[in-house]
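In: Return atomic coordinates for the entry below.
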Amino acid sequence: MTHDEVRALLLSFPGVEEGVSYGQPSYKAAGKFFTWMWPKAPDGCIVVHLDNRDERDLLVEMDPATFHVTEHHRDHPIVLARIASVDRTWLRAALERRWRRVAPRRMVKAFDAA
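Out: Predicted structure coming up:
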């Protein structure tokens, strides 16, 4: 994937807006923090929120060329996914799970009805 493709994917979810967090492009869903990208990193990453750290550790173990975690993020259930090698279908599903957790219920219901 490219940065533009990831950006388009993020903005395809209802209520998602661009902003800046930690000096990097970030995204909010109806005003609630959704995720952010690290496009200037040598490997250009997107931060993906997961259900738990075990899921993250499994992803890193199975595909270290795509997934990694920094010491700063080690205590949180998030993984950094390299944009160039992340699977589009996996990323969409992971982002949708996160969006469903942060988006207002009415927005999720409308999304499901469409």
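In: Contacts only, for Arg101.
Out: His49 (C-beta atoms under 8 Å, 6 or more residues apart in numbering). For the C-beta atoms, the positions are set from N, CA and C on the backbone; glycine is no exception.
In: Could you confirm it falls within a helix?
Out: Yes: assigned with DSSP: H, G, I helix; E, B strand; the rest coil, Arg101 falls within a helix.
In: Tell me how far it lies from Asp43.
Out: Arg101 sits 26 Å away from Asp43 when distances are taken as C-beta to C-beta, to the nearest Å.
In: Count residues in the vicinity of His68, would you?
Out: Taking other C-beta atoms under 10 Å as the neighbour definition, His68 ends up with a count of 17.
In: what do you get for Gln24?
Out: Neighbourhood size, Gln24 [other C-beta under 10 Å]: 15.
In: again with Asn52
Out: Using other C-beta under 10 Å as the criterion, Asn52 is surrounded by 9 other residues.
In: And the strands in the chain?
Out: Using DSSP state E, the strands of the chain run over residues 16-21, 24-29, 32-38, 45-49, 67-68, 78-82.
In: how about JSON lines for those, with distance to Glu96 and mean pLDDT added?
Out: Formatted as JSON lines, the strands of the chain follow (distance: least, C-beta to C-beta, whole Å; pLDDT from 0 to 100):
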{"stretch": "strand 16-21", "distance to Glu96": "11", "mean pLDDT": "94"}
{"stretch": "strand 24-29", "distance to Glu96": "11", "mean pLDDT": "93"}
{"stretch": "strand 32-38", "distance to Glu96": "11", "mean pLDDT": "92"}
{"stretch": "strand 45-49", "distance to Glu96": "11", "mean pLDDT": "94"}
{"stretch": "strand 67-68", "distance to Glu96": "18", "mean pLDDT": "94"}
{"stretch": "strand 78-82", "distance to Glu96": "15", "mean pLDDT": "95"}
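In: Out of those strands, the one nearest His3 is which?
Out: Ranking these by proximity to His3 (C-beta to C-beta) places strand 32-38 first, at 7.0 Å.
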